[in-house]
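S.K.: Structure, please.
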Amino acid sequence: MNTTIGFATIGTSKITRKFLSAAKECAGFKLAAVYSRDIKKAEQFAEEQGAERFYDSLDMLAAAKDVEAVYVASPNYMHYKHVMKLLKAGKHVFCEKAIASNYAEAEEMFRTAQERHLVLLEAVRPVFDPGMQAIKNNLYKLGTIRKANISYCQYSSRYDSFKEGQEHNIFSRECSAGALMDIGVYCVHTLLYLLGMPEKISGFAVMLRSGVDGAGDILAKYQDKIAEVSYSKITDSGLPNEIQGENGMLLFQGTNDCPENVRIVYRDGTGEVLYHREPLNDMKYELEYFIKMIRREENAESHTERSLNAMKLMDELRRQCGITFPADER
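M.R.: Predicted coordinates:
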């Protein structure tokens, strides 16, 4: 099947622009419409991106017959409302991370997609990247894995103004935001993709005045290994990710973007480069997979399971750290 799929986008932020830039490299993608709550922003964005139509009405977008799939990049707390509306209108949905505010929302979203024979996929770039696949395919070389350290710490460009008293969605409890839901989710998905669901977790968070976390750590216990996950929006880190086995250690940079400098250092001091490339817009890989899923060329089952496990793990971490969202009270 080589038919073109009509897409719409929800959101006009930097990530949506990056998505549409990647889409130019994907066969079968056609931008049919864009949506924003602000009609002027929608019109400007449509003109900039070459969309045929623009909306500030979700009902009108859902009713558009030539829109088969929608990329949702609204704030976290709006994902449930937007995705459920689109699924019930018969649209496939490609939703930015975190896919929902909690497990209950995510479970209903995926169940609705399954019942209606539609594709719902969480946009978590690393797990679709060839670099991450190279890591997973070479884990056996480490022998028995005993420890892992996965991190993503990046000082937010909005943190200084937040400290001065300004409010931002990314640090908002009402928006189901904070470090875990914004960037920690990448680490959680990487952990699950490479090592599976842990038996038990313990979590800690640095809390901000807005009631969400600015940074956090997770200690994950498996039957025969442990993993440490670290994430922050209020500090930087240059440490590589590391997976330690009895035969050696696997190192790589990058948890949110394409993994770089993937290599193994064996216990005898020898090394092996597994994967390297120059940085690029790696959103194309997840979009290509989503399109293949719509065409029934790829299966959604493992990705649905990982997204649900990620939400379950993050719910438990929030419970331990006392992080609550208004969506949890529904």
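S.K.: sec struct for the closest residue to residue 194 other than its chain neighbours, please.
M.R.: Among residues not flanking residue 194 along the chain, residue 136 sits closest, at 5.9 Å (Cβ to Cβ, 6 or more residues apart in numbering). (Glycine included, C-beta is placed from N, CA and C.) What DSSP: H, G, I helix; E, B strand; the rest coil gives for residue 136 is helix.
S.K.: Over to residue 318?
M.R.: Using three-state DSSP, the structure places residue 318 in helix.
S.K.: surely it meets residue 177?
M.R.: No - between residue 318 and residue 177 there is no contact under Cβ atoms under 8 Å: 11.9 Å.
S.K.: What mean pLDDT does stretch 260-277 get?
M.R.: Averaged across stretch 260-277, the pLDDT comes to 94.
S.K.: switch to numbering from 4
M.R.: That works, and once the first residue is 4, the last one we named lands at stretch 263-280.
S.K.: Restrict it to CA atoms and write it as PDB.
M.R.: Below are the C-alpha coordinates for stretch 263-280, written out as PDB (Å, rounded to 0.1, in the frame of the first residue of the first chain):
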ATOM      1  CA  GLU A 263      25.000   8.500  19.900                       C
ATOM      2  CA  ASN A 264      28.500   6.900  20.400                       C
ATOM      3  CA  VAL A 265      27.100   3.500  21.300                       C
ATOM      4  CA  ARG A 266      30.000   1.300  22.400                       C
ATOM      5  CA  ILE A 267      31.000  -1.600  24.500                       C
ATOM      6  CA  VAL A 268      34.100  -1.700  26.700                       C
ATOM      7  CA  TYR A 269      34.900  -5.300  27.600                       C
ATOM      8  CA  ARG A 270      36.500  -6.500  30.900                       C
ATOM      9  CA  ASP A 271      39.800  -7.300  29.100                       C
ATOM     10  CA  GLY A 272      40.100  -3.600  28.000                       C
ATOM     11  CA  THR A 273      39.100  -4.100  24.400                       C
ATOM     12  CA  GLY A 274      36.200  -2.100  22.900                       C
ATOM     13  CA  GLU A 275      33.700  -2.200  20.100                       C
ATOM     14  CA  VAL A 276      31.800   0.700  18.500                       C
ATOM     15  CA  LEU A 277      28.200  -0.500  17.900                       C
ATOM     16  CA  TYR A 278      26.600   2.600  16.400                       C
ATOM     17  CA  HIS A 279      27.500   6.200  15.500                       C
ATOM     18  CA  ARG A 280      26.100   8.900  13.300                       C
END
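S.K.: List the buried residues in that stretch.
M.R.: By neighbour count on 16 or more other Cβ atoms under 10 Å, the buried set for stretch 263-280 is 265, 266, 267, 277, 278.
S.K.: Each with direction, which strands does the helix or strand hosting the first one pair with?
M.R.: Under the criterion of DSSP states H and E, residue 265 resides in strand 263-269. Strand 263-269 has its sheet partners listed here by DSSP bridges as strand 251-256 (antiparallel), strand 274-278 (antiparallel).
S.K.: residues in contact with it?
M.R.: Contact partners of strand 263-269, identified using Cβ atoms under 8 Å, 6 or more residues apart in numbering, comprise 134, 137-138, 141, 144-145, 243, 250-257, 274-280, 282.
S.K.: What of stretch 85-92?
M.R.: For stretch 85-92, contacts defined as Cβ under 8 Å, 6+ apart pick out 13, 61, 64-66, 73, 75, 77, 96, 98, 102-103, 111-112, 115-116, 119, 121, 123.
S.K.: The nearest residue to residue 148 once chain neighbours are set aside: how many residues sit nearby?
M.R.: The spatial neighbour of residue 148 that comes closest, neighbours along the chain excluded (Cβ to Cβ, 6+ apart), is residue 248 at 4.7 Å. By other Cβ atoms under 10 Å, 21 other residues sit near residue 248.
S.K.: same thing with residue 327?
M.R.: So residue 327, with other Cβ under 10 Å, has 15 neighbours.
S.K.: if I've got this straight, it is in a helix?
M.R.: No - judged by three-state DSSP, residue 327 forms no part of a helix; its state is coil.
S.K.: How many neighbouring residues does the residue lying closest to it once chain neighbours are set aside have?
M.R.: Of all residues not flanking residue 327 in the chain, residue 321 sits nearest, at 7.0 Å (Cβ to Cβ, 6+ apart). A count of nearby residues for residue 321, using other Cβ under 10 Å, gives 24.
S.K.: So for residue 321, what's the pLDDT?
M.R.: pLDDT, residue 321: 98.
S.K.: With residue 5 instead?
M.R.: We have a pLDDT of 56 for residue 5.
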